[in-house]
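Novice: no sequence on this one, just coordinates:
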């Protein structure tokens with residue numbers, strides 16, 4: 001696809017832009033760029049370095065793929081996603097792009113073939129794992145070829161205390177020293193201002209042009225609910241709103257992943273586990289099924305998901321509190337890459353906060369590192385407990401201002417603020433009494449029982465019914481006391497200690513007990529917000545787009561069936577053949593000729609030649 005040596009190269013910005021647009025239409029089947037794509041592409045094509053912050057689904061890949069096709073030579077893409085390189089290359093080859101990869105999954109003959117293609121100029125794009133650039137034979141190979149650009153994907157992996165840190169990324173700063181005339185483009189879907197600065201510093205991209213797109217994903221509905229039998233809450237969500245949909249469920253531990261996947265399967269939902277404790281073959285097989293089959297649910301630790309290009313993930317659920325807002329944003333961003341309505345749902349409780357604090361206390365690193373981890377959790381708790389629009393707070397974390405979105409739970413069913421000073425004083429007084437009068441410390445469960453005046457076996461055993469605070473909290477229900485404890489912990493007005501998560505006072509507690517500091521708390525709405533204007537689905541109505549005209553639905557389903565059979569025959573994910581958005585447009589347009597079909601977004605020259613007649617035949621029988 002890259003032009004041969006004799007081809008004239010675009011010399012002006014106008015020529016560059018025209019060539020990039022021609023490639024966009026011819027190869028990818030689109031007539032125009034989105035957002036800042038063209039500006040980024042023109043800059044890199046002209047030889048400039050770039051650092052690009054763009055949300056998942058924003059079209060980052062085109063920002064290096066098109067320059068690699070326009071510039072002379074091979075675009076070298078550094079990516080940590082070894083398990084996905086084959087799929088990435090397959091997707092490009094389906095478009096007629098000459099792509100290859102080098103990583104540890106290949107045998108010697110496979111590597112030699114790719115190396116020969118690179119040296120002969122028979123590749124447009126070459127994907128490498130970062131560790132390969134620390135191997136001298138790879139460096140010597142690159143020095144013998146012609147490189148059009150270096151693309152550093154998932155660039156946040158260079159941030160040393162980030163959520164996906166990869167030590168091998170630190171060595172990528174040397175690229176501009178060995179190849180000073182080759183432009184570099186680093187890309188990530190998430191970065192706070194601090195992470196942004198760290199990426200630029202570690203990759204020596206301070207003098208590059210920085211492009212920061214909006215982090216808003218308006219098609220994602222953010223919802224956060226207090227835990228109350230979370231697996232059952234999750235099952236209700238899937239049955240009511242996401243029957244037959246593909247989705248990802250994140251759990252903190254491997255054991256929780258296994259139990260949740262097993263629970264869902266028992267309840268009739270096709271779910272697979274994914275975590276580092278599974279052998280590599282099982283992980284690869286489960287990932288392949290998730291990518292290739294419609295309606296699969298992946299239950300995983302955060303080891304899964306980076307680089308997943310599946311466009312029709314309709315929901316991302318968290319059964320445990322994420323460690324940071326950055327991690328939460330990146331994980332939820334894997335939903336709705338196709339722009340269709342999607343859900344980001346999180347259940348969290350007091351025990352999550354206790355667990356996160358305990359993990360921080362026992363983490364590696366110095367006190368400064370632990371303070372950073374604590375700040376990350378505090379920001380995540382603030383997002384969970386806000387009475388304001390979730391999206392406003394989420395975007396503010398990344399330095400972006402916005403107005404209320406109207407499409408999150410706090411907008412759809414606003415939570416109330418209430419004066420929780422007296423309940424806070426009662427809870428803190430109970431902690432004080434236990435310490436002073438019994439020299440004891442207990443967790444939130446026992447303290448709640450004391451406040452409610454419950455004569456449980458444990459209360460009687462420790463004579464807690466004789467305390468002056470016994471039964472002074474009957475104005476609140478048990479769930480409300482749990483919410484009070486959780487929010488006091490989030491606000492730093494109590495702390496957890498030891499392996500059993502016992503509650504202890506903080507320096508700020510005295511301000512509340514002394515009446516010098518009011519406590520404002522969030523009251524949970526009676527009902528969790530449900531997605532508006534989306535009817536309950538059954539497994540038979542798998543992922544039908546909400547905006548598809550009724551008469552086009554059977555045509556769309558026929559096209560999906562054809563795509564599924566074609567993808568299975570070729571051994572590639574369905575979206576490598578065509579995205580749902582393209583099939584939806586075909587179903588509505590109902591083209592009768594190849595020329596008409598060629599006007600549909602996502603139908604480039606190669607796919608038109610390869611699949612055009614089959615699609616027209618499918619339309620004729622739909």
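Specialist: Cool, the structure landed. These figures come from a predicted structure and were not determined experimentally.
Novice: contacts only, for the most centrally placed residue in the chain.
Specialist: Central residue of the chain (CA atoms, centre = their mean): residue 331, 2.3 Å from the mean position. By CB atoms under 8 Å, 6 or more residues apart in numbering, the contact list for residue 331 reads 248, 250, 302, 305, 316, 318, 322. (Glycine included, C-beta is placed from N, CA and C.)
Novice: tell me the SS of it?
Specialist: helix (DSSP: H, G, I helix; E, B strand; the rest coil).
Novice: now swap in residue 211 and tell me
Specialist: Relying on three-state DSSP, one would call residue 211 strand.
Novice: give me the beta-bridge partners of it?
Specialist: Listed by DSSP bridges, the beta-bridge partners for residue 211 are residue 52.
Novice: separation between the residue nearest to the centre of the chain and residue 511?
Specialist: 36 Å (CB to CB, to the nearest Å).
Novice: burial measure for residue 454, as a count.
Specialist: Other residues within reach of residue 454, judged by other CB atoms under 10 Å, total 17.
Novice: actually, residue 366.
Specialist: Based on other CB under 10 Å, the number of other residues close to residue 366 is 8.
Novice: mind listing the strands for the stretch 1-150 of the chain?
Specialist: 50-53, 74-78, 99-102, 125-128, 147-152 (DSSP state E, counting those that start in this stretch).
Novice: could you pull up the mean pLDDT of the last one?
Specialist: For strand 147-152, the mean pLDDT works out to 96.
Novice: within the sheet, what are the partner strands of that strand, with directions?
Specialist: strand 74-78 (parallel), strand 184-188 (parallel).
Novice: pLDDT weak spots in the chain?
Specialist: Along the chain, the model assigns pLDDT under 70 to residues 1-17, 161-164, 499, 526-546, 622.
Novice: where do the helices of the stretch 351-500 of the chain begin and end?
Specialist: With DSSP state H, counting those that start in this stretch as the criterion, the stretch 351-500 of the chain has helices at 367-385, 390-397, 409-412, 421-438, 444-452, 457-461, 478-490.
Novice: how close does the residue of the chain most remote from its centre get to residue 439?
Specialist: Ranking residues of the chain by C-alpha distance from their mean position (CA atoms, centre = their mean) puts residue 466 at the top, at 50.6 Å. As for residue 466, its distance to residue 439 is 15 Å (criterion: CB to CB).
Novice: same question for residue 304.
Specialist: 46 Å.
Novice: between those two, which one's more packed in?
Specialist: Neighbours per residue (other CB under 10 Å) separate residue 304 from residue 439, with residue 304 holding more: 23 against 7.
Novice: tell me the contacts of the more buried one?
Specialist: Going by CB under 8 Å, 6+ apart, residue 304 touches 248, 274, 275, 287, 298.
Novice: buried sites along stretch 474-484?
Specialist: 476, 480, 481, 482, 483, 484 (16 or more other CB atoms under 10 Å).
Novice: just flag the most distant two among those.
Specialist: Taking CB to CB, the two most distant members of the buried residues of stretch 474-484 are 476 and 482; they sit 9.6 Å apart.
Novice: just checking, residue 449 touches residue 461?
Specialist: No. When contacts are counted by CB atoms under 8 Å, residue 449 is not listed as touching residue 461 (11.7 Å).
Novice: on that earlier part again, make JSON lines out of the contacts of residue 304 and add secondary structure and neighbour count.
Specialist: Formatted as JSON lines, the contacts of residue 304 follow (DSSP: H, G, I helix; E, B strand; the rest coil; neighbours: other CB atoms under 10 Å):
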{"residue": "248", "secondary structure": "strand", "neighbour count": "25"}
{"residue": "274", "secondary structure": "strand", "neighbour count": "22"}
{"residue": "275", "secondary structure": "coil", "neighbour count": "22"}
{"residue": "287", "secondary structure": "helix", "neighbour count": "20"}
{"residue": "298", "secondary structure": "strand", "neighbour count": "27"}
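Novice: any idea which of the residues you listed is closest to residue 106?
Specialist: Nearest member of those to residue 106, counting by CB to CB, is residue 287, at 17.9 Å.
Novice: give me the nearest residue to the closest one, chain neighbours excluded.
Specialist: Leaving aside its chain neighbours, residue 287 sits nearest to residue 83 (6.2 Å; criterion: CB to CB, 6 or more residues apart in numbering).
Novice: distance check, the one you found against residue 283.
Specialist: The value you get for residue 83 to residue 283, if CB to CB is used, is 8 Å.
Novice: how about residue 330?
Specialist: Taking CB to CB, one finds residue 330 at 20 Å from residue 283.
Novice: try residue 437
Specialist: For residue 437 relative to residue 283 (CB to CB), the value is 53 Å.
Novice: mind putting the strands of the stretch 1-150 of the chain into CSV with distance to residue 93?
Specialist: Shown next, in CSV, are the strands of the stretch 1-150 of the chain (distance: least, CB to CB, whole Å):
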stretch, distance to residue 93
strand 50-53, 24
strand 74-78, 14
strand 99-102, 6
strand 125-128, 10
strand 147-152, 18
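Novice: adding distance to residue 40 and mean neighbour count, write the ones you listed out as a markdown table.
Specialist: Formatted as a markdown table, these follow (distance: least, CB to CB, whole Å; neighbours: other CB atoms under 10 Å):
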| stretch | distance to residue 40 | mean neighbour count |
| --- | --- | --- |
| strand 50-53 | 6 | 25 |
| strand 74-78 | 14 | 26 |
| strand 99-102 | 20 | 24 |
| strand 125-128 | 17 | 25 |
| strand 147-152 | 11 | 24 |
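Novice: and those strands: which comes nearest residue 607?
Specialist: Closest approach to residue 607 among these is made by strand 99-102 (15.3 Å; CB to CB).
Novice: so what's the residue lying closest to residue 179 once chain neighbours are set aside bridging to?
Specialist: Closest residue in space to residue 179, ignoring its immediate chain neighbours: residue 147 at 6.3 Å, by CB to CB, 6+ apart. Taking DSSP bridges as the rule, residue 147 bridges to residue 74.
Novice: I'd assumed residue 72 was in contact with residue 147.
Specialist: No. Contact criterion CB under 8 Å: residue 147 and residue 72 do not qualify, at 9.6 Å.
Novice: let me know how buried the residue lying closest to residue 473 once chain neighbours are set aside is, in neighbour terms.
Specialist: Leaving aside its chain neighbours, residue 473 sits nearest to residue 451 (3.1 Å; criterion: CB to CB, 6+ apart). Using other CB under 10 Å, residue 451 has 25 other residues around it.
Novice: quick one: residue 451 from residue 105, how far?
Specialist: 57 Å.
Novice: kindly report the same for residue 432.
Specialist: For residue 432 relative to residue 105 (CB to CB), the value is 60 Å.
Novice: same deal with residue 23?
Specialist: Distance from residue 23 to residue 105, by CB to CB: 30 Å.
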